Every structure is written in structure tokens, then in C-alpha cells.
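1. Sequence and predicted structure, then a few things I'm wondering about:
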Amino acid sequence: MKRTAFLVAVMVGLAGCMEVEQTATGAKAGKYQGKPDSTPWSNEPLAMGPKWSKGDRTSWEEQIKRRQLGQHEDRRIYQ
């Protein structure tokens with residue numbers, strides 16, 4: 001009985017030490033598997049958010065500048 005309990009304890013202890021390699025299935029080494037990112041100005045503007053022309057980088061940059069000026073503390077106080 002003691003011998004069986006000892007063997008079970010050793011087997012449980014060794015099973016906890018087993019290291020299994022964890023990789024994603026079908027992964028290609030060195031290759032990004034996710035969706036490629038698009039440029040931010042090529043996305044549709046949010047319905048209730050700031051507006052810019054889809055695909056127009058300059059209108060998107062102008063909208064970002066306006067948003068940053070609205071967050072500037074000195075500009076907000078003296079408006």
C-alpha cells in the first residue's frame with residue numbers, strides 16, 4: 001500500500017515536470033499570421049466622431065491637429 005502511494009506520488013510529480021512545446025497550429029516561422037494593417041486615413045470615420053474624407057491623408061492629418069489643439073490646456077482655457 002505504501003509502495004503504491006509512493007509510486008503514484010512520483011508519477012504525479014514527474015507529470016507536473018513534463019514540458020510540452022506550445023505553438024500555434026500551422027504557424028510559419030518568421031511570418032506574421034494576422035490581418036495586415038491599413039493606413040488610418042483609409043478607414044471610414046466614426047458616425048458620431050470627427051470627420052475626414054476617406055482615403056485623404058491631408059484631411060485626416062488636419063482632423064488630428066484640430067483634436068490635439070482641443071486637448072491643449074492653454075487653448076481650452078482662453079477660448
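-> Perfect, I can see it now.

2. what about residue 60, how many neighbours?
-> Look at residue 60: counted by other CB atoms under 10 Å, it has 20 neighbours. Every C-beta, even on glycine, is put in place using the N, C-alpha and C of the backbone.

3. Which positions within the helix or strand hosting it qualify as buried?
-> Residue 60 belongs to helix 57-71 when assigned by DSSP states H and E. Neighbour-count burial for helix 57-71, counted by 16 or more other CB atoms under 10 Å, picks out 60, 63.

4. tell me the mean pLDDT for it?
-> Per-residue pLDDT values across helix 57-71 average out to 86.

5. tell me which element residue 54 falls in.
-> Using DSSP H and E, residue 54 falls outside every helix and strand.

6. ok, and the closest non-adjacent residue to it?
-> residue 44 (5.8 Å; CB to CB, 6 or more residues apart in numbering).

7. Am I right that the one you found is in contact with residue 53?
-> No - with contacts counted by CB atoms under 8 Å, residue 44 stays clear of residue 53, the gap being 10.6 Å.

8. more neighbours, the two?
-> Shown here are residue 44 and residue 53; by other CB under 10 Å, residue 53 has more neighbours (12 against 7).

9. which residues in this protein form helices?
-> 2-17, 57-71, 73-77 (DSSP state H).

10. Quick one: closest of those to residue 39.
-> Nearest to residue 39 among these is helix 57-71 (7.5 Å), distances taken as CB to CB.

11. could you dump the closest one to PDB, C-alpha only?
-> C-alpha atoms of helix 57-71 as PDB (Å, rounded to 0.1, in the frame of the first residue of the first chain):
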ATOM      1  CA  ARG A  57      -4.300  61.800 -45.800                       C
ATOM      2  CA  THR A  58      -4.200  65.600 -45.500                       C
ATOM      3  CA  SER A  59      -7.900  65.800 -44.200                       C
ATOM      4  CA  TRP A  60      -7.100  63.100 -41.700                       C
ATOM      5  CA  GLU A  61      -4.000  64.900 -40.500                       C
ATOM      6  CA  GLU A  62      -5.900  68.200 -40.200                       C
ATOM      7  CA  GLN A  63      -8.500  66.500 -38.100                       C
ATOM      8  CA  ILE A  64      -5.800  65.100 -35.800                       C
ATOM      9  CA  LYS A  65      -4.300  68.600 -35.400                       C
ATOM     10  CA  ARG A  66      -7.700  70.000 -34.500                       C
ATOM     11  CA  ARG A  67      -8.200  67.300 -32.000                       C
ATOM     12  CA  GLN A  68      -4.800  67.900 -30.400                       C
ATOM     13  CA  LEU A  69      -5.400  71.600 -30.200                       C
ATOM     14  CA  GLY A  70      -8.700  70.900 -28.400                       C
ATOM     15  CA  GLN A  71      -6.800  68.900 -25.800                       C
END
